[in-house]
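Participant: Have a look at this prediction, sequence included:
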Amino acid sequence: MTAAEAARNFSAVLSAAERGETVLVTRSGRRSALITPAPRSSGRALRAVFEDYRAHPIVDDDWAATVDDALASLSPDEDVDPWNA
C-alpha cells in the first residue's frame, strides 16, 4: 500500500492491524514502514515475573512488600489496553 493510500484509508489500515494483519507501506516504490498488530499485554506474564522475584528474594523487605502489593493487584486474566480501560 502506498503512503498516500494508507493516509486516505488509515482507519481501514488500523482495522486490518487489529485483525492481525501486517500492512507494508511504500513511498516512491520503496518500503517505508510496516504497520503491525500491537503486542497484547498479559496479566499472567506479569504475575509470573513477580512470583519469580518473590521466590528468589534479592532485596530488602520493602521490595518484597512492593512485589506482594503488585501481585495482589493483578488479575490473572488481565489483558487490558491502558488507553481504553
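Facilitator: Yes, it's here. Numbering: from 1, shown residues only.
Participant: switch to C-alpha atoms for all contacts and neighbour counts from now on
Facilitator: Noted.
Participant: How many residues are close by the closest residue to Pro37 other than its chain neighbours?
Facilitator: Sequence neighbours aside, Ala17 is the residue nearest to Pro37 in space, at 4.7 Å (criterion: Cα to Cα, 6 or more residues apart in numbering). Neighbour count for Ala17, taken as other Cα atoms under 10 Å: 16.
Participant: could you say what helices and strands the helix or strand Ala17 falls within packs with?
Facilitator: Here Ala17 sits within helix 10-18, counting by DSSP states H and E. Counting contacts by 3 or more Cα pairs under 8 Å, 6 or more residues apart in numbering; DSSP states H and E, helix 10-18 is packed against strand 23-27.
Participant: Just the CA trace of the strand it packs on, in CSV.
Facilitator: Presented in CSV, the C-alpha positions along strand 23-27 are these (Å, rounded to 0.1, in the frame of the first residue of the first chain):
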residue,chain,number,x,y,z
VAL,A,23,0.5,-3.7,6.3
LEU,A,24,3.5,-2.7,4.2
VAL,A,25,3.6,1.0,3.4
THR,A,26,5.7,2.2,0.4
ARG,A,27,6.8,5.6,-0.6
